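> got a sequence here, can you build the structure:
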Amino acid sequence: MLYVYIVIIAVSIASSVFQWINENKEKKETEIKEKNTRELFIDTLEGIGCQYQLGEDDDTRIFFDYQGESFFADIIDPWNIYVYHIWDTHWCQVELSNIGEMSRLRKAINRSNFSTGVTTEYSIDDDTKTTIVYSKLLIGVTSSMSMPALWVDLQDELNEFFRAHHIIEVEMHKLREQEQDA
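This next block holds a predicted model:
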């Protein structure tokens with residue numbers, strides 16, 4: 001008879017815990033769905049410990065640092081479909097007059113673009129006569145994701161920028177060595 005009471009109590013506790021978990025999950029999903037894209041991105045930044053600053057006179061741009069690198073995100077989303085365009089700008093530059101380094105940079109960028117989810121590009125600054133390298137990434141988030149999942153997803157995506165930096169650095173080094181050996 002004691003076993004019956006123990007089983008009843010255990011089932012009752014398990015049922016209560018299961019109900020609490022479901023209610024909590026539904027509450028979190030509702031909270032995410034009720035937030036606009038900008039608020040959700042800010043909450044995600046706070047969740048991974050990033051300091052941020054809102055753009056001056058611009059409610060669609062958010063500046064933030066992650067692992068010592070400065071990024072900004074454009075949140076241009078009138079329909080709350082949870083899409084972020086993240087930029088890592090001016091992280092490398094090469095003198096236009098250095099033809100060999102420019103050639104290596106182009107090849108290394110191509111390699112990186114085939115190997116990561118980040119798109120790396122460059123632009124030419126005519127005033128300083130340099131090529132400026134930047135990377136960008138478009139991130140889509142579903143409203144059914146939990147906040148901890150959003151934190152992990154954003155960290156994974158931001159780490160792709162560092163992976164792109166590394167690939168470009170390694171590839172340029174390899175190209176220099178190949179040229180020296182030739």
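
> Ser144 falls within a helix, correct?
No. Counting by DSSP: H, G, I helix; E, B strand; the rest coil, Ser144 is located in no helix; its state is coil.

> tally up the residues packed near it, please.
Counted with other Cβ atoms under 10 Å, the burial measure for Ser144 works out to 9 neighbours. To be clear about C-beta, it is placed using only N, CA and C from the backbone, and glycine gets the same treatment.

> could you check the pLDDT of it?
We note a pLDDT of 72 for Ser144 in this prediction.

> do the same with Ala10
Among the per-residue scores, Ala10 holds a pLDDT of 60.

> in the longest helix that the chain contains, what's buried?
When the chain is scanned for its longest helix (criterion: DSSP state H), the result is helix 147-181. Of the residues in helix 147-181, 150-151, 153-155, 157-158, 160-162, 164-165, 167-168, 171-172, 175 count as buried by neighbour count, 16 or more other Cβ atoms under 10 Å.

> what do you get for stretch 35-48?
Under the neighbour-count criterion of 16+ other Cβ under 10 Å, stretch 35-48 has 35, 37-38, 40-42, 44-45 buried.

> got it, and stretch 112-128?
So for stretch 112-128, counting by 16+ other Cβ under 10 Å, buried means 112-113, 116, 118, 120, 122.

> what is the longest strand out of those in the chain packed up against?
Counting residues, the longest strand found in the chain (DSSP state E) is strand 83-95. Applying 3 or more Cβ pairs under 8 Å, 6 or more residues apart in numbering; DSSP states H and E, we find strand 83-95 packed against helix 37-47, strand 69-74, helix 99-115, strand 130-140, helix 147-181.

> pLDDT of the fourth one, averaged?
In this model, strand 130-140 has a mean pLDDT of 93.

> show residues contacting it.
Residues from elsewhere that reach strand 130-140, judged by Cβ atoms under 8 Å, 6 or more residues apart in numbering: 81-96, 102, 105, 109, 117-125, 153-154, 157, 160-161, 164-165, 168.

> swap in 6 Å and give it another go.
By Cβ atoms under 6 Å, 6 or more residues apart in numbering, the residues outside strand 130-140 that reach it are 83-95, 118-120, 122-125, 157, 161, 164.

> I'd like to know how far the closest residue to Ala108 other than its chain neighbours sits from Val94.
For Ala108, ignoring the flanking residues on the chain, the nearest one in space by Cβ to Cβ, 6 or more residues apart in numbering is Glu171 at 3.8 Å. Between Glu171 and Val94 the distance, using Cβ to Cβ, to the nearest Å, works out to 14 Å.

> same check on Glu157?
For Glu157, the distance to Val94 under the criterion Cβ to Cβ works out to 26 Å.

> same thing with Asp156?
Distance of Asp156 to Val94, computed by Cβ to Cβ: 29 Å.
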